[in-house]
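Q: no FASTA, just this:
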C-alpha cells in the first residue's frame, strides 16, 4: 500500500519524469502515480532481487542484469557499459571520528559529507555551547555559524579521497579547528568561505538487537526517483548521484572517470569507549550533516531522549546568511536570530529546503530507547 506522504511525492516526481525511458511503464500504472492506499506491485523488480540473491550479486555486476543495464544505456546514448559494472568494487572505508564529551561520533569519510558534522561539532564545543540551553537563540546561533564554516570546507574540498588535495584528516586537525572556531562571532551572523587546512530520495533505517549490536544504514537514488530511467524488464531505476559532481576547473570534485562524487548520504554512529551507544541518521540531502549536529547536541550534550531530540524544531543553513527554520520554531527565537543578522525563512515559504527525517536508537541500561519523526519516511527498530 502507498502511504499518503509517498503518494504526494510520487505524483510530483511522476509529473517531472514521466517521459524518461521506462519510467511510465514501471511507476505510472494506468498512466498515473498510485494514490494513497492503492497497492503498487513491481514484479520485474521482484524477479531482479531474486536473481541478485541467487547469484550473490553477480547478476547485477557481471550477469544478465548488468547486460540489460548496459543495453538500455546504449539504446539511450549513455556511456555506462557492462565493463563499468564489472569493474565496480566496494570499499571497506572505515570511519572518520570526533570525540565529544566522553563519546565519539563516527561518520562515513569522504567522498561523504559526514566530515562536516564532525567539524561543526568540534567548532561548537570550542565556541562554548555547553554553557547554553538547547533552545537558547544564542545556542542556535553558534550551531548555525559552526555549520556554515563546516559546509564551506566540505563544498571546497570533499571529493573522492583519491582526488582530494590533502588527507581528509587535515580538516579535523585540532590546530586548524582552533583557527576556524576563532571566526565565530557570538554577536553577529557571518558569511564565511572555506579555510586552508594545509600549508600549501533517501531512506534511513537503524536497528538494534538484544546482544547490543546496532546497525546504521542509509540508501538513496538521489532526487526522489534518481534519474527516472528504468531498465526495461528489470524494475531497476538508475540513480543520478553524478549530480553531486562539479564542472569547476581544478576542483577536486570535478566530474571525471573512476571517481565518486560528493555524496550526501551519511549514517551516524556514537560510541562510548568500546561500547555502542547510539545509531542514528537524518535524511534530506544537504540537511544530513546539519541534522547530525543537532541530534548529537540534543542527545549527548543536553541529554534529551531520542524522541524529544527528533521532535524539536530544526534549522537549516541555506546560503550566505540565509537560514530556514521549521514552522514550530518560536517567534521570539526567530526574532533573536534576525537581530544577530541571520536572514530567516519560515518553512512553507520556499520549496528549496526541507528538514529531513530523524531516526535514532540509543542504548540505555536494560535496553534501548528509540525516536522517529514524521518529516520523511524511515525506520527505527529495537529488538
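A: On my side now, so go ahead. Since the model is a prediction, treat every value here as computed from it, not as a measurement.

Q: and the gap between residue 207 and residue 26?
A: 29 Å (CB to CB, to the nearest Å). Quick note: C-beta positions are derived from backbone N, CA and C, even for glycine.

Q: wait, doesn't residue 264 sit right on residue 113?
A: Yes. Using CB atoms under 8 Å, residue 264 is in contact with residue 113, at 5.6 Å.

Q: residues shared between the contacts of these two?
A: Listed as contacting both residue 264 and residue 113 by CB atoms under 8 Å, 6 or more residues apart in numbering are 286, 288.

Q: when the two are compared, which one has more neighbours?
A: Comparing residue 264 with residue 113 by other CB atoms under 10 Å, the one with more neighbours is residue 113, at 26 against 21.

Q: for the more buried one, give me its contacts.
A: Here residue 113 is in contact with 154, 158, 262-264, 266, 286, 288-289 (CB under 8 Å, 6+ apart).

Q: same question, residue 316
A: Neighbouring residues of residue 316 by CB under 8 Å, 6+ apart: 286-287, 290, 323-325, 353-355.

Q: mind redoing it with 7 Å?
A: By CB atoms under 7 Å, 6 or more residues apart in numbering, the contact set of residue 316 is 287, 290, 323-324, 353, 355.

Q: quick one: which of those residues sit in strands?
A: If you go by DSSP state E, the contacts of residue 316 have 323-324 in strands.

Q: which of the contacts of residue 316 scores worst on pLDDT?
A: The lowest pLDDT within those belongs to residue 353, with 49.

Q: circling back to that earlier point, now the contacts of residue 113 in a markdown table, with distance to residue 38 and pLDDT?
A: As requested, the contacts of residue 113 are exported to a markdown table (distance: CB to CB, whole Å; pLDDT from 0 to 100):
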| residue | distance to residue 38 | pLDDT |
| --- | --- | --- |
| 154 | 40 | 94 |
| 158 | 41 | 94 |
| 262 | 37 | 91 |
| 263 | 33 | 88 |
| 264 | 30 | 87 |
| 266 | 33 | 92 |
| 286 | 32 | 83 |
| 288 | 31 | 93 |
| 289 | 36 | 94 |
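
Q: so which of the residues you listed wins on neighbours?
A: The residue in the contacts of residue 113 with the most neighbours, by other CB under 10 Å, is residue 288 (29 neighbours).

Q: wait, it touches residue 295, no?
A: No. In this structure residue 288 lies outside contact range of residue 295 using CB atoms under 7 Å: 10.4 Å.

Q: which neighbours do these two have in common?
A: Shared contacts of residue 288 and residue 295, defined by CB under 7 Å, 6+ apart, comprise residue 282.

Q: can you give me the strands in the chain?
A: Under DSSP E, the chain gives strands at 96-100, 103-107, 203-208, 214-219, 268-272, 275-282, 315-319, 322-325, 343-346, 358-364, 367-372, 379-382.

Q: the top helix by length along the chain vs strand 315-319, what angle?
A: The residue-count maximum for a helix in the chain (DSSP state H) belongs to helix 137-157. Interaxial angle of helix 137-157 relative to strand 315-319 (axes from the mean of the first three to the mean of the last three CA atoms, to 10 degrees): 50 degrees.

Q: mind giving me the packing neighbours of helix 137-157?
A: Contacts defined by 3 or more CB pairs under 7 Å, 6 or more residues apart in numbering; DSSP states H and E place helix 137-157 against helix 114-126, helix 287-296, strand 315-319, helix 331-339.

Q: tell me which residues in the third one are buried?
A: Pointing back at strand 315-319 there. Neighbour-count burial for strand 315-319 flags 315-317 (criterion: 16 or more other CB atoms under 10 Å).

Q: from those, pick the one nearest residue 65.
A: Residue 65 lies nearest to residue 316 out of the buried residues of strand 315-319, by CB to CB, at 37.5 Å.

Q: excluding chain neighbours, what is closest to the closest one?
A: residue 324 (4.7 Å; CB to CB, 6 or more residues apart in numbering).

Q: go on, residue 132?
A: Spatial nearest neighbour of residue 132, excluding adjacent residues (CB to CB, 6+ apart): residue 139 at 4.0 Å.

Q: which residues does the residue nearest the centre of the chain contact?
A: Closest to where the C-alpha atoms of the chain average out (CA atoms, centre = their mean) is residue 265, at 3.4 Å. The neighbourhood of residue 265, defined by CB under 7 Å, 6+ apart, consists of 202, 218, 220, 288.
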